[in-house]
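Engineer: Predicted coordinates and the sequence they were generated for:
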Amino acid sequence: MSAIATKLTIWWLNRQAHTALIFKRNAQAIEIYRRMLAVDPSYDEARIMLGNLLAEAGDHAGAAQELDRLTQVNPSNADGWFNLGFVHDKADNIAEAERCFRRAVQLRPTLDRAWYGLGLVLIRDGRLEEAVEALKQNIKLQPLSPYGYYQLGMTYHHLGRSDEAAKVVEQLAGFEPKFTATLKRDLERSPSRSKSGPGSHSQPKEETAAEAT
């Protein structure tokens, strides 16, 4: 197939995949992305989308296999590492998720969602001091996203650093009053480290959404 024919085929398949996703026909979209990769195995965005859709379908092993293949072929693709970390996180492979998120931010220090994902897995692993640093990076890069503030406030709280948790609440209140109320409520309901010891804490509903770009 010529280069022009390949581009036209990929363009047409992308349109089909987009339509399938709009109508939530994910199984059909999976097959379309497989067809894209048969035409062009180096099409990283298609492999990322395929991996994400397989993960959503509960096939974490298949998703990890696709994304691992991407990172082996293109080890400098930060989005590939982020998405592989996301899949490992969903499968509760915390050590592998951490490794992938760290690789993603090493390759692209401005990848805010990878810092957020790293913060979450560090919280789940009980390494709250390290999680603070990751979440601070996320907030620096994404100053108007409430999720990083929520996690940072709760992490400070569980570390017994109430003054710093209060500062986070004040910062969040400046642009997201509803989320501030949620954080205040959870801070009041959750004991600090001095009472409960370190560990994971509750999270507001938010996907660490894997993205192709």
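Structural biologist: Thanks, I have the structure now.
Engineer: residues contacting the closest residue in space to Asn77 that isn't next to it in sequence?
Structural biologist: Excluding its sequence neighbours, the residue lying closest to Asn77 (Cβ to Cβ, 6 or more residues apart in numbering) is Asp44, at 5.7 Å. From N, CA and C alone the C-beta is placed, and that goes for glycine too. Asp44 is in contact with 70, 74, 77, 79-80, counting by Cβ atoms under 8 Å, 6 or more residues apart in numbering.
Engineer: Could you pick out the buried ones from these?
Structural biologist: 70, 77, 79-80 (16 or more other Cβ atoms under 10 Å).
Engineer: on that earlier part again, separation between the residue nearest to Asn77 and Arg34?
Structural biologist: 15 Å (Cβ to Cβ, to the nearest Å).
Engineer: how about the longest helix that the chain contains: buried residues?
Structural biologist: Counting residues, the longest helix found in the chain (DSSP state H) is helix 3-22. Using 16+ other Cβ under 10 Å as the test for burial, helix 3-22 gives 9-10, 13-14, 16-17, 20.
Engineer: what about the protein, any weak spots by pLDDT?
Structural biologist: Along the chain, the model assigns pLDDT under 70 to residues 193-213.
Engineer: Now do Pro143: how many residues are near it, please.
Structural biologist: 12 (other Cβ atoms under 10 Å).
Engineer: Tell me the secondary structure at it.
Structural biologist: Under the three-state scheme (DSSP: H, G, I helix; E, B strand; the rest coil), Pro143 adopts coil.
Engineer: Perfect, that will be all.
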